[in-house]
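Novice: sequence first, then the predicted structure, then my questions.
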Amino acid sequence: MECRQKENLKRCPCTYPDCPRKGICCECLKYHLASKELPACYFSKEAEKTYDRSVEKFIQNKTK
């Protein structure tokens, strides 16, 4: 399958400046799930800026 990195970058909410996976969703998801985290696209803009990608933070953010 062809990666649509250029298209994905238009919607990618990741604010980590040096992220090598930005716009490469399959690699991003694989990376974060291996660390028991979720990628930036699961979080609100405010929560994403904390770089806390834990499942606990996701639940906390969704129950506000």
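Specialist: Looks like it came in fine.
Novice: can we go C-alpha only for contacts and neighbour counts from here?
Specialist: Noted.
Novice: give the buried residues for the longest helix belonging to the chain.
Specialist: The longest helix of the chain (DSSP state H) is helix 25-34. Across helix 25-34, burial judged by 16 or more other C-alpha atoms under 10 Å covers 25, 28, 29.
Novice: low pLDDT regions in the protein?
Specialist: Across the chain, the ranges flagged by pLDDT under 70 are 64.
Novice: strands of that one, residue ranges please.
Specialist: Assigned by DSSP state E, the chain shows no strands.
Novice: list just the nearest of the buried residues of helix 25-34 to residue 61.
Specialist: Using C-alpha to C-alpha, residue 29 comes nearest to residue 61 of these, at 19.1 Å.
Novice: buried stuff in stretch 35-51?
Specialist: Using 16+ other C-alpha under 10 Å as the burial criterion, the residues of stretch 35-51 that qualify are 37, 38, 39, 40, 43, 47, 48.
Novice: give me the distance from it to the chain's centre.
Specialist: 5 Å (C-alpha atoms, centre = their mean, to the nearest Å).
Novice: which other residues reach it?
Specialist: Here stretch 35-51 makes contact (C-alpha atoms under 8 Å, 6 or more residues apart in numbering) with 12-16, 28-29, 32, 53-55, 57-58, 61.
Novice: compare these and tell me which is most surrounded.
Specialist: In terms of neighbours by other C-alpha atoms under 10 Å, those top out with residue 53 at 21 neighbours.
Novice: got the CA positions of stretch 23-40 in CSV?
Specialist: C-alpha atoms of stretch 23-40 as CSV (Å, rounded to 0.1, in the frame of the first residue of the first chain):
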residue,chain,number,x,y,z
GLY,A,23,2.4,11.9,8.5
ILE,A,24,3.3,8.2,8.4
CYS,A,25,0.3,7.0,10.4
CYS,A,26,1.1,3.2,10.3
GLU,A,27,4.6,3.8,11.8
CYS,A,28,3.2,6.3,14.3
LEU,A,29,0.5,3.9,15.5
LYS,A,30,3.0,1.0,15.7
TYR,A,31,5.5,3.2,17.7
HIS,A,32,3.0,4.4,20.2
LEU,A,33,1.1,1.1,20.7
ALA,A,34,4.5,-0.6,21.4
SER,A,35,4.9,2.0,24.2
LYS,A,36,1.4,1.5,25.5
GLU,A,37,0.5,4.9,24.3
LEU,A,38,-1.8,6.5,21.7
PRO,A,39,-0.8,8.9,18.9
ALA,A,40,-1.5,12.6,18.9
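Novice: done for today, thanks.
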